[in-house]
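In: give me a model of this one.
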Amino acid sequence: MGNCYNRLKHEELRELQQTTHFTKKEIQKWYKDFMVDCPNGRLKKEEFQTVYQQFFPDGDPSKFATFVFNVFDSDKDGYITFKEFIAALSVTSRGNIEEKLDWAFNLYDLDNDGFITQTEMLDIVEAIYAMVGNSIDLPEDENTPDKRVKKIFTMMDKNNDGKLSKEEFREGSKNDSYIVQALSTGFDQAE
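Out: Take a look at the predicted model:
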């Protein structure tokens, strides 16, 4: 058992090199760190929430962390494996804007029906506001989750059907300099 958890199999490593934006060395480092934190090779939702709490000590990130966990957990088995973790990290930290927008769309599309409703977006935006607490000064037209969602839908919902298609979300996000800047900022902790 010891060796299977200490190193990735050669085939797994090669596959991750081909399917992520990380080098062999970076994948090996992330794997080693992942296995220190998750010796059984699986990250539970509660553990994931604890990590978020460390980054947002002044707010309540538990709801947002749950939403992010659900996107990382691509096979929906209630755990994040290393492969799921590194795939999501690759997109969120080093993916191009299209990959990041697709990932963000999946985060907001809570019921996976291919559309983001105002209710779904409100759930996420409320979770974000709870997570950051009062640490950010927001303009008057965005100082509540409801106002922010209404502003986003006014800008993005081109056919006024009360929901955003992936295309509307992509185009609307690209036209919002704040969103583009947020998506363009990656973090390279593996180096």
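In: contacting residues for the most centrally placed residue in the chain?
Out: Closest to where the C-alpha atoms of the chain average out (C-alpha atoms, centre = their mean) is residue 68, at 4.8 Å. Applying C-beta atoms under 8 Å, 6 or more residues apart in numbering to residue 68 gives the contacts 48, 52, 107. Yep, even glycine has a C-beta here, placed from its N, CA and C like the rest.
In: the same query, at a cut-off of 7 Å, please.
Out: By C-beta atoms under 7 Å, 6 or more residues apart in numbering, the residues touching residue 68 are residue 107.
In: burial count for the residue lying closest to residue 115 once chain neighbours are set aside?
Out: Distance criterion C-beta to C-beta, 6 or more residues apart in numbering; nearest residue to residue 115, sequence neighbours excluded, is residue 163 at 4.2 Å. For residue 163, the count of nearby residues is 20 (other C-beta atoms under 10 Å).
In: related to what we said a few turns ago, the residue nearest to the centre of the chain is in what secondary structure piece?
Out: Using DSSP states H and E, residue 68 sits in helix 62-72.
In: give the buried residues for the helix or strand following that helix.
Out: Sequence-wise, the next helix or strand downstream of helix 62-72 (DSSP H and E) is strand 79-81. Under the neighbour-count criterion of 16 or more other C-beta atoms under 10 Å, strand 79-81 has 79, 80, 81 buried.
In: repeat that for stretch 86-104.
Out: 86-95, 100-101, 103-104.
In: go on, stretch 108-127?
Out: Going by neighbour count (16+ other C-beta under 10 Å), the buried part of stretch 108-127 is 108-110, 115-118, 120-127.
In: out of these, which sit inside strands?
Out: Secondary structure of the buried residues of stretch 108-127 is defined by DSSP state E; positions in strands are 115, 116, 117.
In: where are the low-confidence patches of the chain?
Out: 1-6, 181-191 (pLDDT under 70).
In: quick one: the helices in it?
Out: With DSSP state H as the definition, the chain shows helices at residue ranges 2-6, 10-19, 24-37, 45-55, 62-72, 82-94, 97-108, 118-132, 145-156, 166-174, 177-184.
In: which one of these lies nearest to residue 139?
Out: helix 145-156 (9.2 Å; C-beta to C-beta).
In: what's near enough to touch the spatially closest residue to residue 164 that is not a sequence neighbour?
Out: With sequence-adjacent residues excluded and distances taken as C-beta to C-beta, 6+ apart, residue 164 is closest to residue 116, at 4.3 Å. Neighbouring residues of residue 116 by C-beta under 7 Å, 6+ apart: 105, 108, 109, 163, 164, 169.
In: hmm, back to that, closest one to residue 12 out of the ones in strands among the buried residues of stretch 108-127, please.
Out: Nearest to residue 12 among these is residue 116, at 33.6 Å by C-beta to C-beta.
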